[in-house]
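>>> Below are the sequence and a predicted model; questions follow.
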Amino acid sequence: MFGPRDYTEKRDYYRMALDCPVTYSDVEGLRSRQGQGRDLSAKGISFVASDSFPIGSTLKVSVAPKVSMTKPLFATIKIVRVEKNGENKEYLLAGMIEEMA
């Protein structure tokens with residue numbers, strides 16, 4: 001059984017580390033790229049990408065876990081946070097899951 005939640009953790013859902021590729025594209029699907037997953041929760045996802053998007057942008061993402069027993073995740077997300085990822089030309093994108101397919 002799980003112990004009491006750490007007082008500093010205020011989230012409604014726990015985050016699960018996500019170490020697998022994340023494919024993302026605009027909603028029209030015209031340009032598809034691959035990023036690296038960071039974490040996943042019941043309501044959101046974060047991943048490292050080579051592109052930056054404005055807050056409020058809608059993207060389609062798919063997560064294909066390394067273990068073939070787990071089905072891929074397909075979702076539409078709304079970008080809620082964008083951070084520069086260190087000194088390299090990458091961004092940490094965080095999105096709220098709006099729809100899952």
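Perfect, thanks for sending it. Numbers count the residues shown, from 1 in each chain.
>>> what sits against the residue lying closest to residue 16 once chain neighbours are set aside?
Nearest residue to residue 16, sequence neighbours excluded (C-beta to C-beta, 6 or more residues apart in numbering): residue 40, at 5.1 Å. In short, each C-beta sits where N, CA and C put it, glycine included. By C-beta atoms under 8 Å, 6 or more residues apart in numbering, the residues touching residue 40 are 15-16, 18, 46, 63, 73.
>>> Dump those into JSON lines; add distance to residue 54, secondary structure and neighbour count as well.
Formatted as JSON lines, the contacts of residue 40 follow (distance: C-beta to C-beta, whole Å; DSSP: H, G, I helix; E, B strand; the rest coil; neighbours: other C-beta atoms under 10 Å):
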{"residue": "15", "distance to residue 54": "24", "secondary structure": "coil", "neighbour count": "15"}
{"residue": "16", "distance to residue 54": "27", "secondary structure": "strand", "neighbour count": "10"}
{"residue": "18", "distance to residue 54": "23", "secondary structure": "coil", "neighbour count": "19"}
{"residue": "46", "distance to residue 54": "17", "secondary structure": "strand", "neighbour count": "22"}
{"residue": "63", "distance to residue 54": "22", "secondary structure": "strand", "neighbour count": "20"}
{"residue": "73", "distance to residue 54": "24", "secondary structure": "strand", "neighbour count": "19"}
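>>> Now do residue 89: how many residues are near it, please.
By other C-beta atoms under 10 Å, the residues close to residue 89 number 10.
>>> Who does the closest residue to residue 52 other than its chain neighbours form a beta bridge with?
Once flanking residues are discounted, residue 52 sits nearest to residue 91: 4.7 Å by C-beta to C-beta, 6+ apart. With beta bridges defined as DSSP bridges, residue 91 has these partners: residue 49, residue 84.
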